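Participant: Pasting the sequence and the predicted model now:
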Amino acid sequence: MNRYVRQLSDLVSFQPGKGTKADLFRGDRLFVGLNCFEPGQSQPPHVHAGADKFYYVVSGRARFTVADESCEAAAGSVVWAPADVPHGVEQALERTVVLVGIAPPPR
């Protein structure tokens, strides 16, 4: 695999008990990862101090929480969580693959 190119389909994986994660790229100024959820799975609300985050829904559909708002997002949607704002995947509504970007990356 080229160090500058990743094929998402090679990294998609699902587990019955909890969502899975795969790192795509981790640099000094940006982190990009892949999160995969089965229906009903979630990611608890959390905060990235000093770092903005986005979720790009590659496939599927899920309900996200950002601050005190809940929204449903489907394939092709982008969800943004500003730095220091609680966010998470409230519930995957179907098998869902999400591309995640965080800048600067978590330490």
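Facilitator: Nice, thanks for sending it over.
Participant: C-alpha from now on. contacts and neighbour counts both.
Facilitator: Fine.
Participant: can you count the residues close to F37?
Facilitator: 30 (other CA atoms under 10 Å).
Participant: so how far is D10 from it?
Facilitator: 16 Å (CA to CA, to the nearest Å).
Participant: Torsion angles phi and psi at L8?
Facilitator: Main-chain torsions, L8, degrees, to the nearest 10: phi -60, psi -40.
Participant: all strands of this protein, in order?
Facilitator: Using DSSP state E, the strands of the chain run over 20-26, 31-37, 43-46, 52-59, 61-66, 69-74, 78-81, 87-92, 96-103.
Participant: Now tell me what touches the last one from outside.
Facilitator: Contacts of strand 96-103 with the rest of the structure, by CA atoms under 8 Å, 6 or more residues apart in numbering, involve 12, 29-39, 51-62.
Participant: Try it again at 7 Å.
Facilitator: 29-38, 51-62 (CA atoms under 7 Å, 6 or more residues apart in numbering).
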